[in-house]
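Asker: Just a sequence and a predicted model for now, questions to come.
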Amino acid sequence: MPTKKRPSKATVRPQSTPQALAIGQVDYVHPQYAYIVIPGEAPDMWVRHEDLLGALDKDTVKVAVNTQRKARRPVGKVVAIVARSQ
């Protein structure tokens, strides 16, 4: 009788937790990352260039906050560009 194969650890994905969403403005200060300025929130959120979805300086974006990573600043990922800067 054939035995069932267990999935390797590489294919097992952890269950995703709900992420907080916020809307803010991109402050592009470095080619490798940008900050998202969220009104009423401090400090600004740090986002890698790869996670900006093509957002440019002063664009308004919706970001998902990574609550699992403990960092000096909040870390996020752009999920939508709400408005382009003029």
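Answerer: Nice, I can see it. Numbers count the residues shown, from 1 in each chain.

Asker: Just the CA trace of the helix or strand containing Tyr35, in PDB.
Answerer: Using DSSP states H and E, Tyr35 maps to strand 33-37. Written as PDB, here are the backbone C-alpha positions of strand 33-37 (Å, rounded to 0.1, in the frame of the first residue of the first chain):
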ATOM      1  CA  TYR A  33      13.100  52.500  -0.200                       C
ATOM      2  CA  ALA A  34      10.500  55.100   0.500                       C
ATOM      3  CA  TYR A  35       8.500  56.300   3.500                       C
ATOM      4  CA  ILE A  36       4.700  56.500   3.600                       C
ATOM      5  CA  VAL A  37       3.600  59.500   5.600                       C
END
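
Asker: partners of it, with directions?
Answerer: strand 20-30 (antiparallel), strand 45-48 (antiparallel) (DSSP bridges).

Asker: List the contacts of it.
Answerer: 22, 24-29, 44-49, 52, 55, 57, 61, 63, 73, 76, 78 (CB atoms under 8 Å, 6 or more residues apart in numbering). Just so you know, the C-beta spots here come from the backbone N, C-alpha and C atoms, and that holds for glycine as well.

Asker: quick check, distance from that strand to the centre of its chain.
Answerer: For strand 33-37, the separation from the chain centroid amounts to 10 Å (computed by CA atoms, centre = their mean, to the nearest Å).

Asker: buried ones in stretch 67-78?
Answerer: Pro74, Val75, Gly76, Lys77, Val78 (16 or more other CB atoms under 10 Å).
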